[in-house]
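Participant: I would like to see how this sequence folds:
(chains A and B)
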Amino acid sequence: MEVVLHLPVVPNVELVAAKAVETLGGALGMHQTRVEAASVAVVEACLNAMEHGGGPVTVRLRSKNGSARPCLVIEVEDHGKGFDPERAPQNSPSRILGRASKRGWGLTLIRELMDEVQIRSAPGKTLVYMCKYVESAP
Amino acid sequence: MNEEQIKLSKDLLTDDIGLIAAAGYINNEGGQAIADAATDLMGDGATTLLIDLKGTRIINSIGVSILLEILEKLLDEQGRLAFCNLTPTISKTFEIMGLVQYAAVYPSREVARAALEGDVTS
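Facilitator: Coordinates of the predicted model:
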């Protein structure tokens, strides 16, 4: 089971990816709360890809059943200039008030809301790999 | 998840407690609509704002950053911000972004009203 979306940069297009997560997650039997967490993560990944990639975004969703813990895999790909994930902003809630800009939470949310996250980035291609287990930890 | 357009209403519950009910996608536009409603209620005298997110299931960090600006504005005027009817994911997002350190969260509007009105009269 796989879904591939090619998203143009238009307002609220990230909701198309969120809807796909909702549909596929539901088909896999994921609890609504886990689906919603994955939906917020894919929204953030798409927004980052559109903002920093500057062009169309590809989203791939598939189920992964062969591993010990079945999961929903989501990959978000853009073709921007890339970035160093190690140097990406690390936000902390203790630093949030009083700052002129309150942006830059996307990667933090993705890492907190998903079970596995890997980022591969180079000039011309950034791929954010995210996995949400179908069931929560026993 | 047909949530592109946020549905929003606002009301003064008491002389100093304002209620904003928002259902839909809280992105930059949804967040700004809530901020505008907050500004209106503060102009009407509200120093405590309760934001009811029943019907909101998806948010993004830009929308939440606007909610943080509302929080700052209220704190600057010795006011308070509270939320109710959050989904577990929205609650966790607020926790990650630090909103719940400064804003109270209640399970329902009724519980929130009882707590906030009790605080006001005590």
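Participant: what's around the one residue in chain B that gets nearest to chain A, how many residues?
Facilitator: Here the residue of chain B nearest chain A is B:G98; by CB to the nearest CB that distance is 2.6 Å. Quick note: C-beta positions are derived from backbone N, CA and C, even for glycine. Neighbour count for B:G98, taken as other CB atoms under 10 Å in any protein chain shown: 21.
Participant: So the residue positioned nearest the centre of chain B: helix, strand or coil?
Facilitator: Nearest to the geometric centre of chain B sits B:I51, at 2.7 Å (CA atoms, centre = their mean). Three-state assignment for B:I51 (DSSP: H, G, I helix; E, B strand; the rest coil): strand.
Participant: Does B:G45 touch B:D15 like I think?
Facilitator: Yes - using CB atoms under 8 Å, B:G45 is in contact with B:D15, at 5.9 Å.
Participant: before we move on, back to that, which ones are touching the residue nearest to the centre of chain B?
Facilitator: Going by CB atoms under 8 Å, 6 or more residues apart in numbering or on different chains, B:I51 touches B:20-22, B:34, B:67, B:81-84.
Participant: residue ranges of the strands in chain A, please?
Facilitator: Secondary structure of chain A (DSSP state E): strands at A:2-7, A:57-64, A:71-78, A:116-122, A:125-133.
Participant: ok so, going back, could the contacts of B:I51 go into CSV alongside distance to chain A and neighbour count?
Facilitator: Converted to CSV, those look like this (distance: CB to the nearest CB, whole Å; neighbours: other CB atoms under 10 Å in any protein chain shown):
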residue, distance to chain A, neighbour count
B:I20, 19, 24
B:A21, 20, 21
B:A22, 16, 24
B:I34, 15, 24
B:L67, 9, 26
B:L81, 12, 21
B:A82, 17, 20
B:F83, 15, 22
B:C84, 18, 23
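Participant: out of these, who's nearest B:S9?
Facilitator: B:A21 (4.8 Å; CB to CB).
Participant: Tell me who's in contact with the residue nearest to A:V43 when sequence neighbours are not counted.
Facilitator: Leaving aside its chain neighbours, A:V43 sits nearest to A:E14 (4.6 Å; criterion: CB to CB, 6 or more residues apart in numbering or on different chains). Neighbouring residues of A:E14 by CB under 8 Å, 6+ apart: A:7, A:42-43, A:46-47, A:50, B:60.
Participant: most neighbours, which of these?
Facilitator: Among the contacts of A:E14, A:V42 has the most neighbours (other CB under 10 Å), with 32 neighbours.
Participant: quick one: that residue from A:V21, how far?
Facilitator: 5 Å (CB to CB, to the nearest Å).
Participant: Quick one: list the elements packing against the lowest-mean-pLDDT helix or strand in chain B.
Facilitator: Using mean pLDDT, DSSP states H and E, helix B:109-121 stands out as the lowest-scoring helix or strand of chain B, at a mean of 86. Other elements packing on helix B:109-121 under the criterion 3 or more CB pairs under 8 Å, 6 or more residues apart in numbering or on different chains; DSSP states H and E are strand B:17-23, strand B:48-52, strand B:80-84, strand B:104-106.
Participant: want to try JSON lines for these, with mean pLDDT as columns?
Facilitator: Putting these into JSON lines (pLDDT from 0 to 100) gives the following:
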{"stretch": "strand B:17-23", "mean pLDDT": "98"}
{"stretch": "strand B:48-52", "mean pLDDT": "98"}
{"stretch": "strand B:80-84", "mean pLDDT": "97"}
{"stretch": "strand B:104-106", "mean pLDDT": "97"}
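Participant: Those: which one's closest to A:I74?
Facilitator: Nearest of the helices and strands packed on helix B:109-121 (CB to CB): strand B:17-23, 25.8 Å.
Participant: Counting by contacts, list what the closest one packs against.
Facilitator: Short answer (3+ CB pairs under 8 Å, 6+ apart): strand B:17-23 packs on strand B:7-12, helix B:28-43, strand B:48-52, helix B:109-121.
Participant: what residues are up against the nearest residue to A:T108 once chain neighbours are set aside?
Facilitator: Nearest residue to A:T108 in three dimensions, chain neighbours excluded: A:N91, at 4.9 Å (CB to CB, 6+ apart). Applying CB under 8 Å, 6+ apart to A:N91 gives the contacts A:104-105, A:108, B:97.
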